[in-house]
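A.B. asks: give me coordinates for this.
(one chain, ligands or ions: 4)
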Amino acid sequence: EAKAKGRNTYHFYSQELNAAANERLFIENELRTGIREGQFQVYYQPQVDCRKNQVVGYEALIRWFHPNEGMIPPTKFIPIAEATGLIVELGAWILQEACEFAARLASQDLKNNISINLSARQFKDANLVSTLDKIIKQTGVEPKRIHLELTESMLMGHVEAAILQLHQLKALGVSISIDDFGTGYSSLSYLKRFPVDILKVDRSFVKDIPEDSNDMEITAAIIAMAQKLKLNVVAEGVETKEQIEFLQNNNCFVVQGYYFSPPVSEAELPKLYEHLQSLDLIKND
Ligand code: C2E
Ligand code: MG
Ligand code: MG
Ligand code: MG
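C.D. replies: Ligands and ions are numbered 1, 2, ... in the order given. So this is what the prediction gives:
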């Protein structure tokens, strides 16, 4: 009986594994086609400075519109693009798109920063610096407008190599953000060694403000620490006025989240400006 049960259990797991493997394989194949056929689009989520009442930047977030599956979220395909190496090609395309967008904003006299997420593989890629350098020169974007988002875990593995790569990126004139800050395991002494400019407080700490007093303590501590280290701080996942008030009272003035807007396509920007104006936010300097 135990044997039979064991066999069934094995069978059950292997079926589940098969389904997962099939989905992976499906996405991997479709990714190749999707890249070739241009099924991707970069969306932009505004970052608002609540002291200036202005949009100060946008985070570039990739969207995949599959002809049969509809929108496939990045959390589903980025890890597969990463594992297969396809992220290098896709990531270069995202850098190009986002820099072109930044250059278009600058040509309209909008002084906005564009934050671009890098994946681990992309960050380690020996060609990243020259790829980005080429894109910056070709699009004419001011490098200081470009903020590259990395996560703590991408820095912790090979510390010396990561520091070198960061210095080379910073030599282009771009800024470095630590995304999802507080969810990784970086120590303070490590953090000081990396030439980073911005900490992004992870949404998980923001989302239960003001109900969860632990999260409020942690958020306040991260902001205070960022200030001590002379880093700028951005809070992500802001959905309510109470959260914004708490963040402001604790000296975090740049915020991003559904309270203002979800990520939108460039075509939706006029509508976004109208919406932000209704919240008493103006769009530029
Ligand atoms: P992330 O970089 O931490 O991006 C923030 C995520 O939170 C985005 O999800 C955004 O849509 C979502 N978000 C923003 N404000 C709110 C809010 O108020 N409430 C809630 N519930 N969510 C909010 P998205 O676009 O699905 O991206 C998920 C993750 O996928 C990103 O997390 C990032 O790690 C990765 N990703 C997205 N685009 C790219 C990309 O172009 N390249 C790379 N390498 N990774 C990307
Ligand atoms: Mg990000
Ligand atoms: Mg984040
Ligand atoms: Mg996050």
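A.B. asks: what residues does the stretch 51-200 of the chain put near ligand 3?
C.D. replies: Applying C-beta under 5 Å from the ion, we find that the stretch 51-200 of the chain lies next to ligand 3 at 179-180. C-beta coordinates here come from the backbone N, C-alpha and C atoms, glycine included.
A.B. asks: go with 8 Å
C.D. replies: Listed as neighbours of ligand 3 in the stretch 51-200 of the chain under the rule C-beta under 8 Å from the ion: 59, 117, 149, 179-180, 200.
A.B. asks: hmm, which of the residues you listed is lowest in pLDDT?
C.D. replies: In terms of pLDDT, Asp180 ranks lowest among those, with 93.
A.B. asks: SS state for the closest residue to ligand 3 within the stretch 1-150 of the chain?
C.D. replies: Closest contact between the stretch 1-150 of the chain and ligand 3, by C-beta to the ion, is at Glu149 (6.9 Å). Classification of Glu149 by DSSP: H, G, I helix; E, B strand; the rest coil places it in strand.
A.B. asks: ok, which of the residues of the stretch 51-200 of the chain next to ligand 3 also contact ligand 1?
C.D. replies: Subset of those in contact with ligand 1: 117, 149, 179-180, counting by C-beta under 6 Å from any ligand atom.
A.B. asks: for the residues you listed, which single residue is the most surrounded?
C.D. replies: Asp179 (22 neighbours; other C-beta atoms under 10 Å).
A.B. asks: now do the contacts for it.
C.D. replies: 117, 149-151, 200 (C-beta atoms under 8 Å, 6 or more residues apart in numbering).
A.B. asks: what of Ala226?
C.D. replies: Applying C-beta under 8 Å, 6+ apart, the residues near Ala226 are 199, 232-233.
A.B. asks: again, only using 7 Å
C.D. replies: Contacts for Ala226 (C-beta atoms under 7 Å, 6 or more residues apart in numbering) come out as 199, 233.
A.B. asks: ok, back up a step: distance of the residue of the stretch 1-150 of the chain closest to ligand 3 relative to Gln45?
C.D. replies: With distances taken as C-beta to C-beta, to the nearest Å, Glu149 is found 12 Å from Gln45.
A.B. asks: thanks a lot, catch you later.
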